[in-house]
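Student: predicted model and sequence follow; I will ask about them next.
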Amino acid sequence: EKLQAVVKNNLLEPSDSGSEREEDELINSTPMGRFSTSAASKIQSLSNEFNDVRSSFTDLLRYFGEDSSMSPEAFFGTINTFVSMFDQTHKELVRKEEAKARRKRIEEKQRLRKEEMAKKAKS
């Protein structure tokens with residue numbers, strides 16, 4: 001009961017008297033009180049990290065010239081689509097270059113054969 005009263009008082013009216021240490025000891029004397037203290041610290045840390053990530057994401061949107069209200073799903077979907085299309089185009093260009101190189105080798109072999117046949121015909 002005393003623990004509940006301390007927690008309720010701290011939620012409604014944070015203490016700034018000398019009894020704060022006594023209240024902390026009371027809260028930390030129970031498993032639930034220790035959990036509550038630990039959880040509050042972790043929640044604050046996560047909240048700070050979330051705000052940092054949100055700020056970094058907003059900077060990222062600004063860097064890419066996107067609207068700051070764009071959702072992460074939409075943004076990364078756009079990036080994924082771009083990368084997929086880029087890869088597909090790159091593969092297509094590589095295939096075209098390989099085909100061009102094959103045609104060139106074939107043409108070179110044909111030219112050499114014609115030259116050889118012309119030399120044999122002259123002999």
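Tutor: All right, it came through fine.
Student: now do the contacts for Ser68.
Tutor: With Cβ atoms under 8 Å, 6 or more residues apart in numbering as the criterion, the residues that contact Ser68 are 58, 61-62. The way it works is simple: take the backbone N, C-alpha and C, and place the C-beta from them, glycine included.
Student: show the buried residues in the residues you listed.
Tutor: Among the contacts of Ser68, those that count as buried by neighbour count (16 or more other Cβ atoms under 10 Å) are Leu61.
Student: grab the longest helix from the chain for me.
Tutor: helix 72-122 (DSSP state H).
Student: pLDDT of it, averaged?
Tutor: Helix 72-122 shows a mean pLDDT of 95 in the predicted model.
Student: using the three-state scheme, assign Gly65.
Tutor: The local conformation at Gly65, judged by DSSP: H, G, I helix; E, B strand; the rest coil, is coil.
Student: if we can go back for a sec, how far off centre is the longest helix of the chain?
Tutor: Helix 72-122 has its average C-alpha position 34 Å from the chain's average C-alpha position, going by Cα atoms, centre = their mean, to the nearest Å.
Student: that helix - contacts with which helices or strands?
Tutor: Helix 72-122 is packed against helix 31-63, with contacts defined by 3 or more Cβ pairs under 8 Å, 6 or more residues apart in numbering; DSSP states H and E.
Student: can you redo the contacts of Ser68 as TSV with pLDDT and distance to Glu115?
Tutor: Conversion of the contacts of Ser68 to TSV gives the following (pLDDT from 0 to 100; distance: Cβ to Cβ, whole Å):
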residue	pLDDT	distance to Glu115
Thr58	96	67
Leu61	97	62
Arg62	96	63
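Student: redo the contacts of Ser68 as JSON lines? Include distance to Asp52.
Tutor: Shown next, in JSON lines, are these (distance: Cβ to Cβ, whole Å):
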{"residue": "Thr58", "distance to Asp52": "11"}
{"residue": "Leu61", "distance to Asp52": "15"}
{"residue": "Arg62", "distance to Asp52": "16"}
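Student: of the contacts of Ser68, closest to Thr78?
Tutor: If you rank the contacts of Ser68 by distance to Thr78 using Cβ to Cβ, Leu61 comes first, at 10.7 Å.
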